[in-house]
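Q: no FASTA, just this:
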């Protein structure tokens, strides 16, 4: 039996038209969903973070970066991946933006590219030197304490076996 007849055979032609119109509009709404960037953290203490996006089929992305205090953006990635890892950033506030490119675009200045996304802010503030030395000191104390427990525990066990 024809599935078309089962689902649509009993519908009035006006209802069929409305049904297919709504179906077409809903697929258009999904296809034109705004493109956006997401970041793993808005503040980084080690100078690294992930930026990701959902890339439509047969599209490429151009990702740009700017230090908030200086004008102008620089392209840091062009391709069809769905994320990138940013590492080695110094302290400061950065902005990231992206746009979709068609797969045939060789030049990012092509008129068929989508508009730029709203700039995505990311702040990088490494731990202070005092905090870093504090972490180092606690680690050194734990290491020395563990070493002393092992040495004295071994000596105690060794002297207990000989007596």
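A: Yep, it's here. Source: prediction; values computed, not measured.
Q: which strand runs longest in the chain?
A: Across the chain, the longest stretch assigned as strand under DSSP state E is strand 92-101.
Q: so how far is the next helix-or-strand element following that strand from its chain's centroid?
A: Per DSSP states H and E, the first helix or strand lying C-terminal to strand 92-101 is strand 120-124. On the basis of CA atoms, centre = their mean, to the nearest Å, strand 120-124 sits 12 Å off its chain's mean C-alpha point.
Q: report the mean confidence score over the helix or strand following strand 120-124.
A: Sequence order places helix 129-162 as the next helix or strand after strand 120-124, per DSSP H and E. The predicted model assigns helix 129-162 a mean pLDDT of 86.
Q: now helix 129-162, how far from the centre of its chain.
A: The answer for helix 129-162 is 40 Å, by CA atoms, centre = their mean.
Q: per-domain residue ranges of the chain.
A: As given by automatic domain parsing, the domain ranges for the chain are 1-33, 34-126, 129-163.
Q: highest mean neighbour count out of those?
A: domain 34-126 (a mean of 14; mean count of other CB atoms under 10 Å). (Each C-beta comes from the backbone N, C-alpha and C, glycine too.)
Q: what sits against residue 81?
A: 55, 61 (CB atoms under 8 Å, 6 or more residues apart in numbering).
Q: ok, back up a step: which of the domains of the chain comes out lowest on mean pLDDT?
A: domain 1-33 (a mean of 56).
Q: can you tell me the distance between the two ends of stretch 81-92?
A: 26 Å (CA to CA, to the nearest Å).
Q: returning to that earlier point: same for the longest strand of the chain, what does it pack against?
A: strand 37-39, strand 60-67, strand 120-124 (3 or more CB pairs under 8 Å, 6 or more residues apart in numbering; DSSP states H and E).
Q: so what strands line up beside the longest one?
A: Using DSSP bridges, the strands paired with strand 60-67 are strand 74-79 (antiparallel), strand 92-101 (antiparallel).
Q: got the contact list for it?
A: Strand 60-67 is contacted by residues 37, 51, 53, 55, 72-81, 84, 86, 92-103, 105, 108, 113, 116, 119 when judged by CB under 8 Å, 6+ apart.
Q: next one: that strand to chain centre, how far?
A: The answer for strand 60-67 is 13 Å, by CA atoms, centre = their mean.
Q: all numbers from here: first residue = 513
A: Noted, 513 is the first residue going forward, which turns the last one into strand 572-579.
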